[in-house]
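In: Quick one, what's the 3D model for this:
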Amino acid sequence: MSVSEMFSEFVANLAIRNTETISLRYGELTSALNKHFRDTESNTANTLQVGSFGRKTGIHGISDLDMLYIMPRHKWASYEDDGQLKLLQDTKAAILKRYPTTKVRVDRLVVTVTYTNFHVEVQPVFEQDDGSYLYPDTNDGGRWKTTKPREEMEAVADMDAVKNSNLRRLSKMIRAWRNKHGFAMGGLLVDTLAYKFLESTSYYDTKSYLYYDNLSRDFFEYLSELPEQSEYAAPGSRQRVRVKKKFQKKAKKAHRLCLEAIAAEGQNGVNDKWKKVYGRPFPAAKSSTEKSLTTDSVTAWDKTEQFIEDLYPVDIRENLRIDCEVKQNGFRKFFLTEILRSKIPLKANKTLEFTVSEISADTPYDIYWKVLNRGEEARKRNCIRGQIVRDGGYLRKTEKTNFQGDHIVECYCVKYDVVIAKDRIHVPITPDGSDYD
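Out: From the prediction side, this is the model:
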């Protein structure tokens, strides 16, 4: 496959595939609110689809959807004085009256409506003469704040047109990278950084898929060299966009992976190298697929690996970190990170205890684990494993070292049927060392 073919198929794979369902839910919510506040049945009037879905930068698996409901102006007097919570409660009541079995709750700024595989955050607002909106914030007794989503959507659309449709595509590619590596980066921050990068160069103004290998390389290099700061100004609105976690180190690794993939152009393994950057949505090489089918037909090992993307949508927006204690005879020897950093070989007769050491998500959520054995020894023993199993409630998983090879332990946080955080640890087992069985 050429560079153009690879990246064209990649972007196509990122397209949201449940847009009809999402639009249907938006319409149902709009109709319920119009019926309550205006006594009309319209499922399109007085609403605004915002967030990444509204900016057209979201990808398949999107789970965090945003909607503004524009309140009648004459209702302002009912909520102006300390009525922020009442407005959210009335919004919740209107939705439940129409759809009583739907999961609806009031959060600090919005009313969250939970469906299978996604949720919609409904924000009732009052439109101002300048096109901005006042929205309720119930924190510290209540206050009114201003948002300008139309300006953000218009800025993204205008820049995308100037940049030959590359802004929205780049934003989608960044989301795939974020989801692959389990890195929490909000959607508006993704779009802001993509916007800033393309604003800084005219090189890609007339380029398209044929240059997306270089686009990837240059973007991640740009990202890795940005000075550390706590927030950025969003396109158009200049709204402050918070940085949840420093991204420079992750971007530097992505840049290195891009260089390796570009150096392999025209070779059999180039698609796999790009998959290390962008994950499963990046297309596999057709020749590699054919070879794999031939190989599988003559080997005796079972392909037992499961993929979290086949079980739940992946939309990373929280941080998760796992650690591993290496023990022998019940006593802790080292953390695995210390062993790897010191280049000490990991050998047999060790117990590995993996634990969730950091998670930013609020409960409730479920934790899942995956242990994958890779390499010739794992295939010879028919012990690939790779099944995804639910945590027993202790946020930990214990394994034993048994045979050599490269092994991977992954951990996933699933909330409302969506993977919102994940992490992984590589466990390299030396000869006379281990894997898990």
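In: Beta-bridge partners for the nearest residue to His119 once chain neighbours are set aside, please?
Out: Beyond its immediate neighbours in the sequence, the residue positioned closest to His119 (CB to CB, 6 or more residues apart in numbering) is Thr112, lying 5.6 Å away. From N, CA and C alone the C-beta is placed, and that goes for glycine too. Thr112 has these beta-bridge partners by DSSP bridges: Arg105, Glu121.
In: okay, now Thr112: neighbour count?
Out: Each residue near Thr112 was counted by other CB atoms under 10 Å, and the total is 17.
In: Going forward, count from 31.
Out: Understood, numbering begins at 31; the last thing we discussed is Thr142.
In: looking at it, it is touching Val150, isn't it?
Out: Yes - taking CB atoms under 8 Å as the definition, Thr142 is a contact partner of Val150 at 7.4 Å.
In: rewinding a little: now the residue nearest to His149: how far from Tyr395?
Out: Taking CB to CB, to the nearest Å as the measure, Thr142 falls 15 Å from Tyr395.
In: what's the answer for Pro313, then?
Out: The spacing between Pro313 and Tyr395, counted by CB to CB, is 32 Å.
In: Give me the more crowded residue out of the two.
Out: When Pro313 and Tyr395 are compared on other CB under 10 Å, the one with more neighbours turns out to be Pro313, at 20 against 17.
In: isn't there a helix covering that one?
Out: No - under DSSP: H, G, I helix; E, B strand; the rest coil, Pro313 sits outside any helix and is assigned coil.
In: so what's it up against?
Out: The neighbours of Pro313, taking CB atoms under 8 Å, 6 or more residues apart in numbering as the test, are Met31, Met36, Glu39, Phe40, Asn43, Asn301.
In: What of Asp396?
Out: Going by CB under 8 Å, 6+ apart, the list of residues near Asp396 reads Arg420, Asp421, Cys443, Val444, Lys445.
In: mind redoing it with 7 Å?
Out: With contacts taken as CB atoms under 7 Å, 6 or more residues apart in numbering, Asp396 has the following neighbours: Arg420, Val444.
In: Tell me the pLDDT of it.
Out: The predicted local distance difference test score for Asp396 is 97.
In: how much space between it and Val150?
Out: Distance, Asp396 to Val150, by CB to CB: 21 Å.
In: Equivalent analysis for Gln278, please.
Out: 33 Å.
In: try Thr49
Out: Summarising the geometry, the distance separating Thr49 from Val150, computed by CB to CB, is 14 Å.
In: repeat for Tyr239
Out: Distance, Tyr239 to Val150, using CB to CB: 33 Å.
In: Which ones among the contacts of Pro313 lie within helices?
Out: Counted as lying in helices by DSSP state H, out of the contacts of Pro313, are Met36, Glu39, Phe40, Asn43, Asn301.
In: contacting residues around the third one?
Out: Listed by CB under 7 Å, 6+ apart, the contact partners of Phe40 are Tyr308, Pro311, Phe312, Pro313.
In: most surrounded residue in the residues you listed?
Out: Tyr308 (27 neighbours).
In: Which residue is the nearest non-sequential neighbour of it?
Out: Counting by CB to CB, 6+ apart, Tyr308 lies nearest to Ala206, which is 4.6 Å off, once chain neighbours are set aside.
In: Kindly report the same for Leu95.
Out: Using CB to CB, 6+ apart and skipping the chain neighbours, the partner closest in space to Leu95 is Val150 (4.7 Å).
In: my read: the one you found touches Leu54, true?
Out: No - under the criterion of CB atoms under 7 Å, Val150 makes no contact with Leu54, lying 11.2 Å away.
In: And the two? Which one has more around it.
Out: Ranked by neighbour count (other CB under 10 Å), Val150 and Leu54 place Val150 first, with 25 against 13.
In: Show the pLDDT at Gly435.
Out: The model reports Gly435 with a pLDDT of 63.
In: how far does stretch 137-151 stretch from start to finish?
Out: 9 Å (CA to CA, to the nearest Å).
In: Give me the buried stretch members for it, please.
Out: Residues of stretch 137-151 classed as buried by neighbour count (16 or more other CB atoms under 10 Å): Leu139, Val140, Val141, Thr142, Val143, Thr144, Tyr145, Asn147, Phe148, His149, Val150, Glu151.
In: out of these, who's nearest Tyr129?
Out: Nearest to Tyr129 out of the buried residues of stretch 137-151 is Val143 (CB to CB; 8.3 Å).
In: In this structure that closest one contacts Leu59, no?
Out: Yes - taking contacts as CB under 7 Å, Val143 lies within contact range of Leu59: 6.4 Å.
In: Need the overlap of contacts for those two.
Out: With contacts defined as CB under 7 Å, 6+ apart, the residues shared by Val143 and Leu59 are Ile125, Val150, Val152.
In: Columns distance to Glu251 and pLDDT on top of these, output as a markdown table?
Out: Compiled in a markdown table, the shared contacts of Val143 and Leu59 are given as follows (distance: CB to CB, whole Å; pLDDT from 0 to 100):
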| residue | distance to Glu251 | pLDDT |
| --- | --- | --- |
| Ile125 | 46 | 97 |
| Val150 | 37 | 97 |
| Val152 | 40 | 98 |
